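Visitor: Pasting the sequence and the predicted coordinates here, then a few questions.
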Amino acid sequence: MQITIAPYLLSTYKLIQCAFPNGIETQDYLPLLALFYDEMSDRNLAEIVAHYTGRHYAVVLNDVYRVVTTDLPKAEAIDKVKQRLLVCGYEEWLKEAE
Amino acid sequence: MVNLDTGAVFAFISKGSPVRYQLRQYVQGQQMIITQTALKEVTDIIQWSGGVSEQTRASRLFQRLNIIPDNPSTVALNLQPTRSLGTNDIIILGTGDQLGIVTMTADAKAFRAALSQGVKFNVYIHLPRPLTGN
């Protein structure tokens, strides 16, 4: 199935794809949303993660709200996700010009 | 008149929402509107994640909302989407801008991203709140 990624979300998609080539496991899903929360609009974050995981956009958008309110992932879990992303250029991604 | 973003609707209807009272105080006596784009997101998420009490509160809230067509302002349409500012953000914030009214939103990042491009939307930013399924 061919999916279309908006150009401004392509680097994020590639970053996730590199860090999680076999898909995002359940234990990494909410920590990933929490890590990206400050760097993306709620909708864009939901859109790109929905694309990658096959979850429904509406579910992911609600999960985006969960990770900063009712279901805060543990710092260790977020750090584990961050370590995977760092190998794939997370620092460079952060520095990308808006 | 106040334009409700998707997250604002959830903050109103979510079970146990700690910000509901604050939002109610703000909109008291004002007409509330919602864009077609926000309404579509809201109805989708309620369908997937809303519980019985949340659906009931949503029905009550919808009776008070005026649904309006998406109609973003020219300055909004000139914004470049980025990873911090999506196309639906532009449509919803921009429609509020076109009407010259406040948009109630939980997404401060989209507001700041527009500001970084020189567009200051008139917003009321509140804490996000998910649907709980209750």
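Guide: Thanks, I have it.

Visitor: So which residues of the chain form helices?
Guide: You didn't say which chain, so I picked chain A. Ranges of helices in chain A, per DSSP state H, are A:10-19, A:26-36, A:42-53, A:57-66, A:75-86, A:90-95.

Visitor: right idea, wrong chain: chain B
Guide: Assigned helices in chain B, in chain order: B:6-13, B:20-27, B:36-49, B:52-64, B:74-77, B:87-99, B:108-116 (criterion: DSSP H).

Visitor: Just name the most buried of these.
Guide: Greatest average neighbour count among the helices of chain B goes to helix B:6-13 (a mean of 27), per mean count of other CB atoms under 10 Å in any protein chain shown. (Glycine included, C-beta is placed from N, CA and C.)

Visitor: so, in contact with chain A or not, that helix?
Guide: Yes - using CB under 8 Å from any CB of the partner chain, helix B:6-13 reaches chain A at B:6-7, B:10.

Visitor: Packing partners of that helix?
Guide: When contacts are defined as 3 or more CB pairs under 8 Å, 6 or more residues apart in numbering or on different chains; DSSP states H and E, helix B:6-13 packs onto helix A:57-66, helix B:20-27, helix B:36-49, helix B:52-64, strand B:102-105.

Visitor: re the thing from before, now the residues of helix B:6-13 next to chain A in a markdown table, with pLDDT and distance to residue A:28?
Guide: As requested, these are exported to a markdown table (pLDDT from 0 to 100; distance: CB to CB, whole Å):
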| residue | pLDDT | distance to residue A:28 |
| --- | --- | --- |
| B:6 | 97 | 25 |
| B:7 | 97 | 24 |
| B:10 | 96 | 25 |
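
Visitor: and of the helices of chain B, who's closest to residue A:43?
Guide: The minimum distance between residue A:43 and the helices of chain B falls on helix B:87-99, with 5.3 Å, by CB to CB.

Visitor: Is chain A within reach of the closest one?
Guide: Yes - remark: helix B:87-99 sits within contact range of chain A at B:87-89, by CB under 8 Å from any CB.

Visitor: Nearest to residue B:49 among these?
Guide: Closest to residue B:49 out of the residues of helix B:87-99 next to chain A is residue B:88 (18.0 Å), distances taken as CB to CB.

Visitor: That closest one touches residue B:37, doesn't it?
Guide: Yes - between residue B:88 and residue B:37 there is a contact under CB atoms under 8 Å: 5.3 Å.

Visitor: Need the helices and strands packed on helix B:6-13 in TSV (columns: distance to residue B:14).
Guide: TSV is the format used below for these (distance: least, CB to CB, whole Å):
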stretch	distance to residue B:14
helix A:57-66	9
helix B:20-27	8
helix B:36-49	10
helix B:52-64	6
strand B:102-105	14
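
Visitor: Quick one: the ones you listed as TSV, columns for distance to residue A:88 and mean pLDDT too.
Guide: Shown next, in TSV, are those (distance: least, CB to CB, whole Å; pLDDT from 0 to 100):
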stretch	distance to residue A:88	mean pLDDT
helix A:57-66	21	96
helix B:20-27	39	97
helix B:36-49	30	94
helix B:52-64	38	96
strand B:102-105	31	98
